[in-house]
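# what would the 3D arrangement of this be:
(one chain, ligands or ions: 1)
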Amino acid sequence: MNHVQLSDGKVKPARYLKWFGVFSSIGMFIINFIGFLDTQTNSAEGCGPDWPLCNGQVLPSLDNTHVIIEFMHRFLVGFFAIIAVIFVVWALAKYRHFREVRIFSWLAVGFIVIQSALGALAVVFVNPPEVLALHLGFGLLAMGGVGLLTIFLFQYDRHVCGENAGLFYRNQPLPKTLLHLIRWTWVYMFGAIYLGSDVAFHNAGTACSGWPLCNGEVFPGFSGNVGLVFSHRLVAVGFAFLSLWLLISLRRMKEERRDLYAGSQTLFVMIILQILSGAWVVLSHLNLNADLLHVSLLMILFMVLSYLTLQTFPFHNVSMQSKSVRAKKPVATHR
Ligand code: HEM
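Residues are numbered from 1 along each chain as shown. As a prediction, this is how the structure comes out:
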């Protein structure tokens with residue numbers, strides 16, 4: 001069997017770090033969720049123009065929903081951003097010789113910083129909807145960095161324990177067409193997310209009433225807000241077809257690439273749920289719960305497809321004798 005030669009017997013398993021990663025990933029999910037709630041309920045002004053104080057106080061009086069949401073938003077973003085930084089620094093300190101660890105760490109920290117800068121700019125300048133629409137995408141990329149780093153640590157840990165986990169499958173053959181299909185589907189998803197955000201920031205959500213028809217028409221055209229919403233729906237249908245194509249193609253490889261096949265099954269289910277939640281958003285005239293479900297499902301969908309994409313990159317074995325590790329010798333033993 002084409003086993004990944006990972007360890008030379010001196011590898012330290014990520015026993016505690018990986019669970020800290022789970023905590024940090026949940027934190028990133030919460031940050032994105034509360035940020036979304038903040039925008040949807042127009043609570044960004046809940047603390048007034050004060051920062052870091054809220055309405056001039058360390059602990060504001062919590063008698064108003066907007067104040068509660070904005071205060072929680074600030075607190076949770078600060079708290080979980082610190083947790084994410086601790087996680088990344090810890091991972092880099094232990095495993096920086098893995099390319100994945102370096103890439104995901106910088107992705108996470110980089111987008112947390114960009115996201116914070118965008119948030120600060122939004123207070124000073126009135127950003128156009130096209131810029132605001134980038135916000136959700138950046139938040140997802142930061143969550144993706146933390147989440148994929150956690151997944152990698154779990155895979156690594158299982159491999160160190162001699163199991164055929166994710167790292168092993170990454171070195172199993174995958175036809176080039178499938179490899180490109182998965183990666184381009186990820187890019188396509190990002191376009192779909194941007195378009196959805198653009199709909200929201202143009203306040204165009206109700207431009208197409210009814211579902212599946214838009215204002216009673218099969219083809220309402222591409223102009224104005226109706227066109228924007230219609231494009232969003234069209235892109236969603238395209239996404240569903242792409243995921244079906246992936247699922248059918250990967251069925252033929254379900255033994256050799258169980259990771260990708262299981263992932264494509266989950267992806268297909270998630271896209272169907274995403275579309276149904278979109279229908280609920282429309283039919284409920286932008287009900288807050290429907291909106292929150294639409295974006296929460298999206299975060300899971302994003303992670304599933306990002307995991308699939310990660311699995312298309314072969315795992316490059318890093319000799320534990322690499323420079324960075326040699327400098328730190330002796331390395332601890334197995335558990
Ligand atoms: C699988 C594909 C889909 C993805 C990835 C997706 C993604 C998104 C995203 C990222 C947003 C912006 C959320 C926000 O910031 O407020 C959004 C908004 C929206 N989506 Fe989707 N969506 C999908 C499918 C659909 C479908 C099929 C419908 C309609 C049937 C739909 C209806 C809407 C509406 C109406 C909004 C605007 C909500 C608002 O203004 O608050 N979505 N979508």
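# and residue 253, how many residues sit next to it?
Burial of residue 253, expressed as a neighbour count using other C-beta atoms under 10 Å, amounts to 17. In short, each C-beta sits where N, CA and C put it, glycine included.
# quick one: residue 38 and the ligand, what's the gap?
Noted for residue 38: a distance of 11 Å to the ligand, by C-beta to the nearest ligand atom, to the nearest Å.
# again, but for residue 61
Using C-beta to the nearest ligand atom, one gets 29 Å for the distance from residue 61 to the ligand.
# that residue: neighbour count?
As a burial measure, the neighbour count of residue 61 was computed by other C-beta under 10 Å and equals 9.
# tell me which element it falls in.
Following DSSP states H and E, there is no helix or strand that holds residue 61.
# I'd say it and residue 71 touch.
No: between residue 61 and residue 71 there is no contact, the gap being 10.1 Å when judged by C-beta atoms under 8 Å.
# nearest spatial neighbour of the one residue in the stretch 201-335 of the chain that gets nearest to the ligand, skipping sequence neighbours?
When distances are taken as C-beta to the nearest ligand atom, the stretch 201-335 of the chain approaches the ligand most closely through residue 278, which lies 2.4 Å from it. Leaving aside its sequence neighbours, residue 278 sits nearest to residue 294 (C-beta to C-beta, 6 or more residues apart in numbering; 6.0 Å).
# hmm, back to that, contact partners for the residue of the stretch 201-335 of the chain closest to the ligand?
Going by C-beta atoms under 8 Å, 6 or more residues apart in numbering, residue 278 touches 211, 233, 236, 294.
# what is the burial count for the last one?
Under the neighbour criterion other C-beta under 10 Å, residue 294 is assigned a count of 22.
# could I get the phi/psi values of residue 316?
Reported as degrees, to the nearest 10, the phi and psi values for residue 316 are phi -90, psi 120.
# so how far is residue 310 from the nearest residue to it once chain neighbours are set aside?
Once its chain neighbours are removed from consideration, residue 316 has its nearest residue in residue 99; the separation is 6.4 Å (C-beta to C-beta, 6+ apart). In this structure, residue 99 and residue 310 are 12 Å apart, going by C-beta to C-beta, to the nearest Å.
# compare the two (neighbour count), which wins?
Counting neighbours by other C-beta under 10 Å for residue 99 and for residue 310 shows that residue 310 has the greater number, 23 against 12.
# wait, that one sits on residue 148?
Yes: at 5.7 Å, residue 310 and residue 148 qualify as touching, with contact defined as C-beta under 8 Å.
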